[in-house]
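[1] this one's structure only:
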DNA sequence: GTGAAAGCGCTAACAG
DNA sequence: CTGTTAGCGCTTTCAC
């Protein structure tokens, strides 16, 4: 690889002139600038971002840590943040925690050691996990998305998860359902507790006595959700509707239902949180509560950049986003009797 | 951030001792090693990977450029490669080309400027795009996945795309279909031309005269595939089956079919390339040709690492992977008449 | 076994 | 307007 020194020698100028030219400094005469540019082209020179960042004490890298890229929610998040980052001149270092707080901690360290200016994290742990201050260590700025809460001590961007669950469950209630099963997420995650609380709250306010047998905990992944659905199907009396806490688990539930020969929505109404490209193509098209992913991603990224530039002052801020119920075909009115 | 100098001062040793301790060199007495480790812990010191890589002339970064993360094929590819990389001690710098060769070139430059040791690319362009040697510039090693071919001049890892199409179309033929529409990919991509060739070849060998009206070109994305499907539905006589060249377009086709009230497989058989987690949950469960994504990802990554270590000698090698037909429910025998 | 010092490729303050 | 030089944080020869 050609270095700046090589370019300087080739152009017959000093190394400063090369640097200044490349940085667009005005203090270079048109003639030298031309000579430098010619040499750069001839040698195929490309500036070493590592050396540059080392010297400047800054970095054009940002970290992005998600728990599971194969979850369409995170897939879209990655897509959006990558696009924002590219536009803002940042490159993204991707980490996948696989829902494991230890792995996440490792990734955080990795991001810091690579001098990422900041990182966007979808936390995999519980609030206690972060009590050791691992999120605010060093000078790397952090913002949390999705499973965020004020306890984390960093800027957070999340859905109004309680409201999202309420939207889904109210919809089911309006359709006449009374026995509503729920496939919840991991107990320790804030996001999942909020969704469960939303479910419970709506039932309580409707005067329906809580039935612990109706709530099953999955892990936000597909495989385990199948087992959860099977459990719910085995109940007697069987629930007439299921509320599922996220998209991946919805797939698991739909698979289990299909295998058991249970028709949706004739025999069972199903509603979940998270929209995704496939939802409207399903038969029946899936009724879901949509998260404004792009808005959340953009807000998180922009806040991070603002923090980096020192444009955003003050303590951490939590930004909450409104969910939206998308009624399609997977929920039907409870058949009489 | 604490630096090595800080640790040295704190431990009362030279900077060399710190470096040697951290690198696990044997030339440090147990006592000094202990003192260094204590200081590291006390100061919360983390080694600056950037400075280290700069000095060593190596890098623990690898680039990964895909055309579209929201495509489940690439999502899984990213997942697998990320896992492999993490295990091998590499971090991945993610780039999304959005099927744009110019953007891809930009990303390649970015990877090089960040001193990525190598990058794994799913090429977005045609063979001619790469004739300028952009893939072999500099010292960054490159391997291509998915849309690879020998013309690229780098190691390639791809499905036997022709065979994959043959599997799908033969299946349709076996079911009695004769008028088989195809939603193909972008004309300029090698992978898409191969799939189309496989389709055409099977029909030719079956003695079915080619009908250009039956082939529509999409762009491997969802939206345009809907229009393609609508076009196919408007044909008269209407085809009795559709072969779709990838997963995202399959979704588009299924949506269009659902909207038009066309029942699958009763009114229309549908078969595509690419399996994905949702395929078995659809009603009907989707018959597809599966790619061994994990195997391809692993092979590509390992080859890259082998090249980096100088363990793999010789010119570029193309590795071709076998497709597998997964029969589910979306293709049915052609109804008599 | 330990330390001093050079230098990776780059930027920027300081001289001229 | 241009060049010289110090130094970012680290590794590693070379001396002690």
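    Structure's in. What do you need? Every value quoted in this text rests on a predicted model; they were computed, and no experiment measured them.
[2] for stretch A:243-262, buried residues please.
    Buried residues in stretch A:243-262, defined by neighbour count with 16 or more other Cβ atoms under 10 Å in any protein chain shown: A:243-258, A:262. Where C-beta positions appear, they are placed from N, C-alpha and C, glycine not excepted.
[3] go on, stretch A:68-88?
    Buried positions in stretch A:68-88, judged by neighbour count with 16+ other Cβ under 10 Å: A:68-86.
[4] that stretch: how far from the chain's middle?
    Distance of stretch A:68-88 from the chain centroid (Cα atoms, centre = their mean, to the nearest Å) equals 8 Å.
[5] and that stretch, average pLDDT?
    The predicted model assigns stretch A:68-88 a mean pLDDT of 97.
[6] show me what contacts residue A:223?
    Applying Cβ atoms under 8 Å, 6 or more residues apart in numbering or on different chains, we find residue A:223 in contact with residue A:252.
[7] quick one: average pLDDT of whatever helix or strand it lives in?
    Following DSSP states H and E, one finds residue A:223 within helix A:222-234. If you average the pLDDT over helix A:222-234, you get 96.
[8] the strands in the stretch 201-337 of chain A, which residues?
    Counting by DSSP state E, counting those that start in this stretch, the stretch 201-337 of chain A has strands at residues A:215-217, A:241-244, A:269-273, A:287-290, A:318-321, A:324-326.
[9] an error on my part: the question was meant for the stretch 1-150 of chain A.
    A:61-66, A:91-96, A:118-121, A:141-145.
[10] export the ones you listed to a markdown table and append columns for mean neighbour count and distance to residue A:313.
    Shown next, in a markdown table, are the strands of the stretch 1-150 of chain A (neighbours: other Cβ atoms under 10 Å in any protein chain shown; distance: least, Cβ to Cβ, whole Å):
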| stretch | mean neighbour count | distance to residue A:313 |
| --- | --- | --- |
| strand A:61-66 | 25 | 20 |
| strand A:91-96 | 24 | 25 |
| strand A:118-121 | 26 | 16 |
| strand A:141-145 | 26 | 13 |
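[11] could the ones you listed be laid out in a markdown table, adding distance to residue A:133?
    Formatted as a markdown table, the strands of the stretch 1-150 of chain A follow (distance: least, Cβ to Cβ, whole Å):
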| stretch | distance to residue A:133 |
| --- | --- |
| strand A:61-66 | 17 |
| strand A:91-96 | 19 |
| strand A:118-121 | 14 |
| strand A:141-145 | 11 |
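[12] quick check: which of the ones you listed is nearest to residue B:302?
    Ranking these by proximity to residue B:302 (Cβ to Cβ) places strand A:91-96 first, at 18.9 Å.
[13] now check the closest one, is it near chain B?
    Yes: shown here: strand A:91-96 in contact with chain B (Cβ under 8 Å from any Cβ of the partner chain) through A:91-96.
[14] can you tell me which of those residues is nearest DNA strand D?
    Closest approach to DNA strand D among those (Cβ to the nearest atom of the strand): residue A:93, at 17.8 Å.
[15] beta partners for that closest one?
    In this entry, residue A:93 is beta-bridged to residue A:63, residue B:93, by DSSP bridges.
[16] now residue A:83: closest residue in space, sequence neighbours ignored.
    residue B:96 (7.3 Å; Cβ to Cβ, 6 or more residues apart in numbering or on different chains).
[17] and residue A:194, by the same measure?
    residue A:161 (3.7 Å).
[18] now do the contacts for the one you found.
    Counting by Cβ under 8 Å, 6+ apart, residue A:161 has contacts A:191, A:194-195, A:198, A:273, A:323.
[19] go on, residue A:324?
    By Cβ under 8 Å, 6+ apart, the residues touching residue A:324 are A:167, A:289-290, A:292.
[20] okay, the residue in the stretch 151-300 of chain A positioned nearest to DNA strand D: pLDDT?
    Nearest residue of the stretch 151-300 of chain A to DNA strand D: residue A:154, at 23.6 Å (Cβ to the nearest atom of the strand). On the pLDDT scale, residue A:154 is placed at 97.
[21] residue A:30 now?
    87.
[22] residues near the nearest residue to residue A:299 once chain neighbours are set aside, how many?
    Closest residue to residue A:299 apart from its sequence neighbours, by Cβ to Cβ, 6+ apart: residue A:157 at 5.4 Å. A count of nearby residues for residue A:157, using other Cβ atoms under 10 Å in any protein chain shown, gives 25.
[23] quick one: contacts for the residue in the stretch 201-337 of chain A positioned nearest to DNA strand D?
    The stretch 201-337 of chain A approaches DNA strand D most closely through residue A:308 (17.3 Å), counting by Cβ to the nearest atom of the strand. Contacts here follow Cβ under 8 Å, 6+ apart; on that basis residue A:308 touches A:117-118, A:141.
[24] give me that answer again for 10 Å
    A:58-59, A:62, A:88, A:90, A:117-118, A:140-141 (Cβ atoms under 10 Å, 6 or more residues apart in numbering or on different chains).
[25] identify the farthest-apart pair in those.
    Every pair of the contacts of residue A:308 checked by Cβ to Cβ; the farthest is A:88 and A:140, at 16.8 Å.
[26] pLDDT at the residue nearest to residue A:83, what is it?
    Predicted confidence (pLDDT) for residue B:96: 98.
[27] quick check: residues of chain A near DNA strand C?
    Listed as neighbours of DNA strand C in chain A under the rule Cβ under 7 Å from any atom of the strand: A:1, A:3-5, A:15-16, A:19-20, A:22-23, A:47-48, A:51-52, A:54-56.
[28] same thing but 6 Å
    Taking Cβ under 6 Å from any atom of the strand, the part of chain A that reaches DNA strand C is made up of A:3-4, A:15-16, A:19, A:22-23, A:47-48, A:51-52, A:54-56.
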